[in-house]
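Enquirer: the sequence isn't on hand, but the structure is:
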């Protein structure tokens, strides 16, 4: 699994029949410290995430193991919304602190 941040949406009115009804987001690829890794990926949202959220996602054939993507031509799928993560004992992200800072 990989870490990304939802930075945009993608709307496609004309698409393969199996993709109809799916929501697509543009993810900024991140390293384990939350720094941009240089690149973006379009991913199917399988968990109800939203813009600005940090997420975990699967790519390649693993992306087709969710209920929403099974048997569909998806190469990336958001499989979780991150609440917190740390590396070597240092917190990289804490959703509750981020939301408090934003006044939510």
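Expert: In hand now; what should we look at? Please read all numbers here as calculations on a predicted model, not as lab measurements.

Enquirer: lowest-confidence helix or strand of the chain?
Expert: The weakest-scoring helix or strand in the chain, judged by mean pLDDT, DSSP states H and E, is helix 95-101 (a mean of 78).

Enquirer: distance from the centroid: which residue in this protein tops it?
Expert: The centre of the chain is farthest from one residue, residue 89, which by CA atoms, centre = their mean lies 23.7 Å away.

Enquirer: pull the contacting residues for that one.
Expert: Going by CB atoms under 8 Å, 6 or more residues apart in numbering, residue 89 touches no other residue. Every C-beta, even on glycine, is put in place using the N, C-alpha and C of the backbone.

Enquirer: likewise residue 18?
Expert: Neighbouring residues of residue 18 by CB under 8 Å, 6+ apart: 71, 72, 73.

Enquirer: report the buried members of the residues you listed.
Expert: residue 72 (16 or more other CB atoms under 10 Å).

Enquirer: go through the contacts of residue 18 and name the one nearest residue 39.
Expert: For the contacts of residue 18, the minimum distance to residue 39 (CB to CB) is 20.6 Å, reached by residue 73.

Enquirer: would that closest one count as being in a helix?
Expert: No. Assigned with DSSP: H, G, I helix; E, B strand; the rest coil, residue 73 falls outside any helix and is coil.
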